[in-house]
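Colleague: Generate a structure from the sequence data that follows.
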Amino acid sequence: MTTLLRRSHEHGEALARALDPYDPTGPGKLAWVDPYGDTLFNEQEAEVALREVAALLPQCADGPQRAALQALAELLALCAATPGSYLWFIGD
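Modeller: The predicted model follows:
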């Protein structure tokens, strides 16, 4: 049985801009997020990505991008704390 714990639709473009500096072939989990395709993190990957967001937040001065990263951190934390869960990014 699948249960939707939470969803977010309000920060898509700001999040894409905040994650733009990441090289898709580079290290880390946030580099996997494709704004035009789907990306799926399990709880272990979400935990790693959460640490990456924590490192990225202090460098982000743009208000909408910062809000997007904070919302992402909440979703990643929820996923990391919920065994068997996934965080699904649905691109345009």
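
Colleague: so what's residue 41 closest to, chain neighbours aside?
Modeller: Leaving out its chain neighbours, the residue that sits closest to residue 41 by C-beta to C-beta, 6 or more residues apart in numbering is residue 87, at 4.5 Å. (Each C-beta comes from the backbone N, C-alpha and C, glycine too.)

Colleague: Can you classify that neighbour by secondary structure?
Modeller: Of the three states, residue 87 takes strand according to DSSP: H, G, I helix; E, B strand; the rest coil.

Colleague: thinking it is in contact with residue 47, fair?
Modeller: No: counting by C-beta atoms under 8 Å, residue 87 stays clear of residue 47, with 10.7 Å between them.

Colleague: Now the element after the helix or strand of the chain with the lowest mean pLDDT, going C-ward?
Modeller: Least confident helix or strand of the chain, by mean pLDDT, DSSP states H and E, is helix 12-19 with a mean of 88. The helix or strand immediately downstream of helix 12-19 is strand 39-42, counting by DSSP states H and E.

Colleague: what's the distance between that following strand and the middle of its chain?
Modeller: Relative to its chain's centre, strand 39-42 lies at 9 Å (C-alpha atoms, centre = their mean, to the nearest Å).

Colleague: Please pull up the helix or strand immediately following it.
Modeller: helix 43-56.

Colleague: With just CA atoms, put that next one into PDB.
Modeller: C-alpha atoms of helix 43-56 as PDB (Å, rounded to 0.1, in the frame of the first residue of the first chain):
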ATOM      1  CA  GLU A  43      15.400   7.300   2.700                       C
ATOM      2  CA  GLN A  44      19.200   6.700   2.700                       C
ATOM      3  CA  GLU A  45      19.700   9.000  -0.300                       C
ATOM      4  CA  ALA A  46      17.400  11.600   1.300                       C
ATOM      5  CA  GLU A  47      19.600  11.600   4.400                       C
ATOM      6  CA  VAL A  48      22.700  12.300   2.300                       C
ATOM      7  CA  ALA A  49      21.000  15.000   0.300                       C
ATOM      8  CA  LEU A  50      19.700  16.600   3.500                       C
ATOM      9  CA  ARG A  51      23.400  17.200   4.600                       C
ATOM     10  CA  GLU A  52      24.100  18.700   1.200                       C
ATOM     11  CA  VAL A  53      21.200  21.100   1.600                       C
ATOM     12  CA  ALA A  54      22.400  22.100   5.000                       C
ATOM     13  CA  ALA A  55      25.800  23.000   3.500                       C
ATOM     14  CA  LEU A  56      24.200  24.800   0.600                       C
END
